[in-house]
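Undergrad: fold the following.
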Amino acid sequence: MDIGTYYQPSRKITAYDVPEGVDIRGRFDEEFAKILTKDALQFVADLQREFRNHIKYAMEYRKEAKKRYNEGALPGFDPTTRYIREGEWTCAPVPPAVADRKVEITGPVERKMIINALNSGAKVFMADFEDALSPSWENLMRGQVNLKDAVDGTISFHDKARSRVYKLNNQTAKLFVRPRGWHLPESHILIDGEPATGCLVDFGLYFFHNFATFRQAQGQGFGPFFYLPKMEHSRGRRRWRVLKGEASGPPF
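TA: The predicted model follows:
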């Protein structure tokens, strides 16, 4: 009898399952693999391909604007948006879940700090992928794991030195996420041979894994909520608006 017919030893997975055109240069980790799923990476790749040319144009525009300012030109208003400045309009109403933002705090996406920040009594905690941490592969991917656990409500941290376990209170701050700016690449993830845009990785992975749970558990039907840094022109805001609309379509 060929015992191999009846028994196949399980093999340990040591590489990420990636869609076509995506290459992961960061080290493999079983926890990270729960975030870097094939579907999630496909979602990020789709965003990158959709907005790649817009991002490149925006970065070139920034260089040209900087050159003009260095040569003595002064910043001014975009004439194409004059109708907004001179028109009458109102902002969309603030989602009920974040109507009260009297006290906000910010910090990195480190596990213990996320728990303490959400338990702090502040109305909002902004988890920062931009200025609050060094953008190493470990920090960024571990941060995605931590945020998913936070949105799921399962996040905990065992401080062995103090023999203490940290968990979320019943009442927590509302969670905002700050992705990196448009200008920062993510060299550990290549899409069609080019480094992915850092903010699309931060936004895409978090949005893909947490959209439905966040709206049900935290957002009262709205969200997820983001703080969008370092935009130098209204075009950057328009790109985010379009991107959020694209992301909110199927399968969401």
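Undergrad: alpha carbons only for contacts and neighbour counts from here, please
TA: Fine.
Undergrad: for residue 24, see how far away the residue nearest to residue 18 when sequence neighbours are not counted is.
TA: Nearest in space to residue 18, with sequence neighbours left out and distances taken as CA to CA, 6 or more residues apart in numbering, is residue 38 at 5.0 Å. In this structure, residue 38 and residue 24 are 11 Å apart, going by CA to CA, to the nearest Å.
Undergrad: which neighbours do those two share?
TA: Common neighbours of residue 38 and residue 24, using CA atoms under 8 Å, 6 or more residues apart in numbering, are 16, 18.
Undergrad: who's in contact with stretch 72-79?
TA: So stretch 72-79 is contacted by residue 69 (CA under 8 Å, 6+ apart).
Undergrad: what about residue 25, how many neighbours?
TA: Using other CA atoms under 10 Å, residue 25 has 11 neighbouring residues.
Undergrad: shouldn't it be in contact with residue 186?
TA: No: under the criterion of CA atoms under 8 Å, residue 25 is not in contact with residue 186, lying 10.1 Å apart.
Undergrad: and the longest strand for the chain?
TA: The residue-count maximum for a strand in the chain (DSSP state E) belongs to strand 185-191.
Undergrad: partners of it, with directions?
TA: Next to strand 185-191 in the sheet, as set by DSSP bridges, lie strand 22-24 (antiparallel), strand 194-197 (antiparallel).
Undergrad: switch those strands over to JSON lines; also include mean pLDDT, mean neighbour count and distance to residue 166.
TA: As requested, those are arranged in JSON lines below (pLDDT from 0 to 100; neighbours: other CA atoms under 10 Å; distance: least, CA to CA, whole Å):
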{"stretch": "strand 22-24", "mean pLDDT": "97", "mean neighbour count": "19", "distance to residue 166": "32"}
{"stretch": "strand 194-197", "mean pLDDT": "96", "mean neighbour count": "20", "distance to residue 166": "34"}
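Undergrad: need the ones you listed in a markdown table (columns: distance to residue 14).
TA: As requested, the strands paired with strand 185-191 are exported to a markdown table (distance: least, CA to CA, whole Å):
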| stretch | distance to residue 14 |
| --- | --- |
| strand 22-24 | 12 |
| strand 194-197 | 22 |
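Undergrad: looking at those, which is nearest to residue 145?
TA: strand 22-24 (16.9 Å; CA to CA).
Undergrad: ok, and what's touching that closest one?
TA: Applying CA under 8 Å, 6+ apart, the contact partners of strand 22-24 are 16, 18, 41, 45, 188, 189, 190, 191, 192, 193.
Undergrad: the same query, at a cut-off of 10 Å, please.
TA: 15-18, 36, 38, 41-42, 44-45, 187-196 (CA atoms under 10 Å, 6 or more residues apart in numbering).
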